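**Student:** Build me a structure from this.
(2 chains)
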Amino acid sequence: MRGVCYTGKKTDTFNVQEMVVDKNIKILIVDDFGTMRKVIRNLLKQGGYTNIIEAEDGVVAFKEIKSQKIDFVISDWNMPNMTGYELLKAVRADDDLPRVPFLMVTAEALQDNVVQAVKAGVDDYIVKPFTSEVLGAKIEKIIKKYNAQ
Amino acid sequence: MDVQYINPFLEGTINVLKTMAFVEPRVGKPFIKKDHRARGDISGIIGLTGVVNGSLALSFSEGCITRIVSNMLGEEITAMNGDIQDAVGEITNMVSGAARKKLEAMGISLQGAIPTVVTGKDHSICHVMAGPSIVIPFETDAGPFAVDVCMGENK
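**Tutor:** Reported below is the predicted structural model:
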């Protein structure tokens, strides 16, 4: 089995669409609802991802991202203290941080929210409710995009 | 209250519970509710504002919500606890989001507030708008729940 992390280099023999993503990437789940963090953790486990940490809002998440290597962020939008949108903007504006893959998971499906998140540099967007298949497909698509860059 | 507002909440509820909790609720006959009594043991309530104002409440029986949350978390929960309160808030939030997306497609753009959760036998639900609400009763294999919507035009 070929394991490729998004930080790995693409070789000439690899077809981007055939890349297998590294299931050991460190994923940060950001959500103020503890049950939603558990639900996402369970869905990720179903997809084979087990290296997972959690944060209850954007402030805690930003500290985690600054203090350790996070390979992938899955964030809710509406949270107290610092929203997912504010977290995304802070991460993208910080020159000391590499561009970390950022997936927004939210109940906010309004068109304006999607446009706002895309402008701020989100890699993709999932509207709740969603299945483990949808979550897994989005993660793989984003990681493959980073691998191809 | 205009009945066109009801279907998005009905469809949103079914979609959220099927997708997140693998529960297929059976819809009953909607009715108009004129009192404040909740039709369940725990309720999630969320305010909605925009071209119309109102609120949405989901009220679950204990048996129904313990099954739903057990399925969502992948672990057996047998009694009401913090996880259940948390999940009711999140389910309410998701149903609100799913319904508002459908309403937006109908030209009705609404913002959702932060949900609150109330528990206890015979608790009350006081909607933002005066007047009756429409209740959509549902049945599941683990017990009943109800969706309670009250919407009105801005004056």
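
**Student:** Who are the contact partners of B:Glu75?
**Tutor:** For B:Glu75, the contact set (Cβ atoms under 8 Å, 6 or more residues apart in numbering or on different chains) is empty. C-betas here are computed from N, CA, C, even on glycine.

**Student:** Kindly report the same for A:Lys26.
**Tutor:** A:Asn51, A:Ile52, A:Ile53, A:Gln68, A:Lys69, A:Ile70, A:Asp71, A:Phe72.

**Student:** distance of the fourth one from A:Phe62?
**Tutor:** Noted for A:Gln68: a distance of 12 Å to A:Phe62, by Cβ to Cβ, to the nearest Å.

**Student:** How about the secondary structure of A:Tyr125?
**Tutor:** Under DSSP: H, G, I helix; E, B strand; the rest coil, the three-state class of A:Tyr125 is strand.

**Student:** Of A:Gln68 and A:Phe62, give the one with the bigger neighbour count.
**Tutor:** A:Phe62 (19 against 10; other Cβ atoms under 10 Å in any protein chain shown).

**Student:** what about chain A, any weak spots by pLDDT?
**Tutor:** Along chain A, the model assigns pLDDT under 70 to residues A:1-19, A:109.

**Student:** at 50 instead, please
**Tutor:** A:1-17 (pLDDT under 50).

**Student:** near chain B, which residues of it?
**Tutor:** When proximity is defined as Cβ under 8 Å from any Cβ of the partner chain, chain A approaches chain B at A:33-36, A:38-39, A:42, A:78, A:106-111, A:127-131.

**Student:** Export the lengthiest helix in chain A to PDB, keeping only CA atoms.
**Tutor:** Using DSSP state H, we find that the single longest helix of chain A is helix A:132-148. Presented in PDB, the C-alpha positions along helix A:132-148 are these (Å, rounded to 0.1, in the frame of the first residue of the first chain):
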ATOM      1  CA  SER A 132     -18.600   9.300   7.000                       C
ATOM      2  CA  GLU A 133     -18.400   8.700   3.300                       C
ATOM      3  CA  VAL A 134     -18.900  12.400   2.500                       C
ATOM      4  CA  LEU A 135     -16.400  13.400   5.200                       C
ATOM      5  CA  GLY A 136     -13.800  10.900   4.000                       C
ATOM      6  CA  ALA A 137     -14.200  12.000   0.400                       C
ATOM      7  CA  LYS A 138     -13.800  15.700   1.200                       C
ATOM      8  CA  ILE A 139     -10.600  15.000   3.300                       C
ATOM      9  CA  GLU A 140      -9.100  12.900   0.600                       C
ATOM     10  CA  LYS A 141      -9.900  15.400  -2.100                       C
ATOM     11  CA  ILE A 142      -8.300  18.200  -0.100                       C
ATOM     12  CA  ILE A 143      -5.100  16.200   0.700                       C
ATOM     13  CA  LYS A 144      -4.700  15.100  -2.900                       C
ATOM     14  CA  LYS A 145      -5.000  18.800  -3.900                       C
ATOM     15  CA  TYR A 146      -2.200  19.700  -1.500                       C
ATOM     16  CA  ASN A 147      -0.100  16.800  -2.700                       C
ATOM     17  CA  ALA A 148      -0.500  17.900  -6.200                       C
END
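
**Student:** For the most centrally placed residue in chain B, give me the backbone phi and psi.
**Tutor:** Nearest to the mean C-alpha position of chain B, by Cα atoms, centre = their mean, lies B:Leu58 at 2.6 Å. In terms of degrees, to the nearest 10, the main-chain angles of B:Leu58 are phi -120, psi 120.

**Student:** Touching, it and B:Gly44? I think so.
**Tutor:** Yes: applying Cβ atoms under 8 Å as the test, B:Leu58 and B:Gly44 come out as touching, 4.9 Å apart.

**Student:** gap between whichever residue of chain A sits closest to chain B and B:Ile125?
**Tutor:** Of all residues in chain A, the one sitting closest to chain B is A:Ala107 (3.0 Å; Cβ to the nearest Cβ). Going from A:Ala107 to B:Ile125 by Cβ to Cβ gives 21 Å.

**Student:** quick one, what contacts the residue nearest to the centre of chain B?
**Tutor:** B:Leu58 sits next to B:Thr13, B:Ser43, B:Gly44, B:Val88, B:Ile91, B:Thr92, B:Val95, B:Phe145, B:Ala146, B:Val147, B:Asp148 when contact means Cβ under 8 Å, 6+ apart.

**Student:** wait, is the third one part of a strand?
**Tutor:** When you say that, I think you mean B:Gly44. Yes: counting by three-state DSSP, B:Gly44 is found in a strand.
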